[in-house]
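[1] just coords:
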């Protein structure tokens, strides 16, 4: 079955760079149509798309955060890494990774999420 | 790209039916059949309930159904149960964003 799990720091300081890793199993990111996305959710607020990487290394970013985000994949390790620069307290949120298919942003399997707090 | 618009809250009694709306534009909901709905219980990850407007993934109760008319998509929950109390988010493909996806503002469903 498909599983995904996020890992990374739970606390980062303002201006630091956040690096999150999504480790998955049950699918290959080299299979046509497959993608892995990152989504975040500030406490008590709505879901927000961050980035999406497809099997062919096509990378998509939220226009409002594009300058701060980088998404990469390591197919051999079954991992997707998201980096976000210049972290600010407003970036405090639960960060999720999720599986997509069919070349469109429908997310059928999600990780459990990881809460990242930005504070000095 | 603005978020899709959902009502902040919807409530109903056990056994009743409720409908949650999701309003977008011709660049997202109205232009494509890639509308999906997610259920999120407190402290849990979202769960896909409906994809491509009206399709249910395996294992999702047939009490959940989706539809679309123009720029508005809808999720209907029939035979409302206590376990349906959760937040619900719609999502759509969008041509207005290079990322290609946009979420709704979210709706809190309360079972009275």
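    Received, thanks. The model shown is predicted, which means the values in this text are computed figures rather than measured ones.

[2] which helix or strand contains the residue in chain B sticking out farthest from the centre?
    Farthest-out residue of chain B from its mean C-alpha position, per C-alpha atoms, centre = their mean: residue B:98, at 22.3 Å. Secondary-structure assignment from DSSP states H and E places residue B:98 in no helical or strand segment.

[3] partners of residue 74 in the sheet?
    No chain in the question, so chain A it is. Beta-bridge pairing of residue A:74 under DSSP bridges involves residue A:79.

[4] should've been chain B
    Beta-bridge pairing for residue B:74 (DSSP bridges): residue B:21, residue B:67.

[5] how about the closest residue to chain A within chain B: what's its closest non-neighbour residue?
    In chain B, the residue found nearest to chain A is residue B:101; the distance is 3.2 Å by C-beta to the nearest C-beta. Using the backbone N, CA and C atoms, a C-beta is placed for each residue, glycine as well. Sequence neighbours aside, residue A:105 is the residue nearest to residue B:101 in space, at 3.2 Å (criterion: C-beta to C-beta, 6 or more residues apart in numbering or on different chains).

[6] can you count the residues close to the one you found?
    Using other C-beta atoms under 10 Å in any protein chain shown as the criterion, residue A:105 is surrounded by 25 other residues.

[7] contacts only, for it.
    For residue A:105, the contacting residues are A:35, A:37, A:49, A:52, B:34, B:91, B:93, B:99, B:100, B:101, taking C-beta atoms under 8 Å, 6 or more residues apart in numbering or on different chains as the criterion.

[8] let me know the distance separating residue A:76 from residue B:105.
    With distances taken as C-beta to C-beta, to the nearest Å, residue A:76 is found 39 Å from residue B:105.

[9] more crowded one of the two?
    For residue A:76 against residue B:105, the residue with the higher neighbour count under other C-beta under 10 Å is residue B:105, and the figures read 18 against 8.

[10] related to what we said a few turns ago, next one: phi and psi at the residue of chain B closest to chain A?
    phi -130, psi 150 (degrees, to the nearest 10).

[11] what is the burial count for it?
    For residue B:101, which is what you asked about, the neighbour count (other C-beta under 10 Å) is 24.

[12] what bridges to it?
    In this structure, residue B:101 has the following beta-bridge partners (DSSP bridges): residue B:93.

[13] return the residues of chain B in contact with chain A.
    When proximity is defined by C-beta under 8 Å from any C-beta of the partner chain, chain B lies next to chain A at B:1, B:3, B:34, B:36, B:38, B:45-48, B:51-52, B:57, B:89, B:91, B:93, B:97-106.

[14] filter those residues down to the buried ones.
    Of all the residues of chain B next to chain A considered here, the ones buried according to neighbour count by 16 or more other C-beta atoms under 10 Å in any protein chain shown are B:1, B:3, B:34, B:36, B:38, B:45-48, B:51-52, B:89, B:91, B:93, B:97, B:99-106.
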